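Novice: with the sequence up front, the predicted model follows.
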Amino acid sequence: MSQHFDLVVIGSGSGNPIVDKRFADWKVAVIEKGLGRFGSFGGTCLNVGCIPTKMFVHTADTAGAAEHGAGLGLDMTLRGVDWPAVRDRIFGRIDPLATGGERYRATGRDNVTLYRGTARFTGERRLTVATADGPVTITGDQVVVAAGSRPVIPDVPGLDDALGYHTSDTVMRMERLPHSMIILGSGFVATEMAHVFSSLGVAITLIARGDVLLRHEDEAVSRRFTKLAKGQWGVRLDRKLLHAAREGDTLLLDFEGPEGAERLESDALLVATGRRSNSDLLDAAAGGLALHPDGRVVVDAHQRTSVPGVWALGDVSSAWRLKHVANHEARTVQHNLLHPGDLRASDHRYIPHAVFTSPRIASVGITEQEARATGRAYVTAIRDYSGIAYGWAMEDTTSFAKVLADPATGQLLGAHIIGPEAPTLIQPLVQAMSFGLDARSMATGQYWIHPAMPEVIENALLDLPLD
């Protein structure tokens, strides 16, 4: 069986919204490999990524309020956690969205055909889809590869399916809360899940290969966060996992560290050591697509791959595995499909990110270590939350905002915040960088509400030693 389409979209995450009413006269195929597994239509963000994790984070923040109340003179106690209620509230909202999205694509438009199964390239713009009814061959004039990424599992003896470990795909749907959990990793997923489960009463041990957590953040942020994390969780730095095993309900993990061999025991293991592009599952090379050494599909500024008529976006190709980047790239691809004579480039200049751990972290632009490495002229300023009135109100003694700027022009080069509401506080700095507003003009050319948290940004900008 063979079908030809004007447009083929591989993946139902950020690629799915490309197909709107403007494509009503196009014959379109949408392919999704994960249908039926937890209702996974809609991609990583909706089902196992940013949306459910932030719903868990909000729950964790609420649970953590009891601990922070003592410093404010409040006697607050968390008396218990109903894990099934926590879990089912979240997925009771998410799963119907995934199911509804699948139903809409399957029945919503006559010009769209939904294929359920794994797609593999067999030539340029030619795919075979392994559906429940057998293989189907699909060709397209235009193909959008938006197949996402998946967790990386280190090649360690014993670390296999029989061990019974979790990844970010499964850990939020556990049947019961464990008493203890080892988290292998030190990045976004590891630190967010450490916050979530520790707030719900799980004893957390965080294992990092490097000497700090969140090592890609600005050095001042990663050092501060690592220090604070050691006060919340068991943190083991400079560790290498050598072997994993299970004895009954207990996981046994053997590590090599600065002081030699070490064995840790736990009820559960979360592997959060990164993600990889799904290009290999698509056999992208057989479709003629050029690949980066790490497996990402190579694209140009317009999201075009090495094969004419084939586009790629999101985690399968992007160096920034962030939903807001994938959405931006999807809008670029959508425009370019509809306007082939007026191609638009994706804007990757000032991409912010946030880590919803405890404390919050947000960043945009270059770090101080990157500025030093490139020899770029810069000045920097740090303002503690405790230096503003609202910081006093919160009794905050550990949070800060850091800004970097060109000393001659005052143009902002980077901003890094660790503390409450960091992902919100970073946004005006993203706006200033995107539209060319210099630090002095931003600080003095507008009102800043007093007393409010944005004053920490105002004061950091004023502290910059500009020429």
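Specialist: Sure thing, it's come through.
Novice: tell me the gap between the top helix by length along the chain and the middle of its chain.
Specialist: Counting residues, the longest helix in the chain under DSSP state H turns out to be helix 83-107. Distance of helix 83-107 from the chain centroid (Cα atoms, centre = their mean, to the nearest Å) equals 20 Å.
Novice: can you list the residues that contact the helix or strand following that helix?
Specialist: Per DSSP states H and E, helix 83-107 leads on to strand 112-123 as the next helix or strand towards the C-terminus. Applying Cβ atoms under 8 Å, 6 or more residues apart in numbering, the external contacts of strand 112-123 come out as 3, 5, 10, 19, 28-33, 35-36, 102, 105-106, 127-132, 136-138, 147, 281-289. Where you see a C-beta, it was placed from the backbone N, CA and C, and this is true even at glycine.
Novice: other SSEs contacting the longest helix of the chain?
Specialist: Under the contact definition 3 or more Cβ pairs under 8 Å, 6 or more residues apart in numbering; DSSP states H and E, helix 83-107 sits against helix 43-47, helix 50-69, strand 112-123.
Novice: at 6 Å instead, please
Specialist: helix 50-69 (3 or more Cβ pairs under 6 Å, 6 or more residues apart in numbering; DSSP states H and E).
Novice: give me the angle between the helix it packs on and helix 83-107.
Specialist: Counting by axes from the mean of the first three to the mean of the last three Cα atoms, to 10 degrees, helix 50-69 lies at 160 degrees to helix 83-107.
Novice: could you list the buried residues of helix 50-69?
Specialist: 50-57, 59-61, 63-64 (16 or more other Cβ atoms under 10 Å).
Novice: can I get stretch 442-454 as PDB, trimmed to CA atoms?
Specialist: Only the C-alpha atoms of stretch 442-454 are listed here, as PDB (Å, rounded to 0.1, in the frame of the first residue of the first chain):
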ATOM      1  CA  MET A 442      16.300  50.000  30.900                       C
ATOM      2  CA  ALA A 443      17.200  50.800  34.400                       C
ATOM      3  CA  THR A 444      16.400  54.600  34.300                       C
ATOM      4  CA  GLY A 445      13.900  55.000  31.600                       C
ATOM      5  CA  GLN A 446      10.900  53.400  33.300                       C
ATOM      6  CA  TYR A 447       9.200  53.100  36.700                       C
ATOM      7  CA  TRP A 448      10.000  50.000  38.800                       C
ATOM      8  CA  ILE A 449       7.200  49.200  41.300                       C
ATOM      9  CA  HIS A 450       8.300  49.500  44.900                       C
ATOM     10  CA  PRO A 451       8.400  47.300  46.800                       C
ATOM     11  CA  ALA A 452       8.300  44.500  44.300                       C
ATOM     12  CA  MET A 453      10.700  41.700  43.200                       C
ATOM     13  CA  PRO A 454      11.700  43.400  39.800                       C
END
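Novice: start at 22 instead
Specialist: In the new count, where the first residue is 22, that last one comes out as stretch 463-475.
Novice: for ChimeraX, what selects the buried ones among the contacts of strand 133-144?
Specialist: Typed into ChimeraX, the line below selects the buried ones among those, using 16+ other Cβ under 10 Å:
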select :26,31,40,49,50,51,52,53,54,56,123,126,127,148,149,150,157,159,168,302,303,304,305,308,309,310
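Novice: looking at the contacts of strand 133-144, which are in strands?
Specialist: With DSSP state E as the criterion, strands contain 24, 26, 31, 49-53, 148-152, 157-159 from among these.
Novice: tell me who's in contact with Asn299.
Specialist: By Cβ atoms under 6 Å, 6 or more residues apart in numbering, the contact list for Asn299 reads Ala168, Gly169, Ser170, Arg171, Val337.
Novice: turn the residues you listed into CSV, columns for pLDDT.
Specialist: Converted to CSV, the contacts of Asn299 look like this (pLDDT from 0 to 100):
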residue, pLDDT
Ala168, 96
Gly169, 96
Ser170, 96
Arg171, 94
Val337, 98
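Novice: top of the residues you listed by neighbour count?
Specialist: Counting neighbours by other Cβ atoms under 10 Å, Ala168 leads these with 31 neighbours.
Novice: list the contacts of that one.
Specialist: Ala168 is in contact with Ile31, Gly32, Asn299, Leu303, Val337, counting by Cβ under 6 Å, 6+ apart.
Novice: what's the answer for Val292, then?
Specialist: Ile174, Tyr186, Thr188, Leu205.
Novice: need phi/psi at it.
Specialist: Per-residue torsions, Val292: phi -100, psi 110 (degrees, to the nearest 10).
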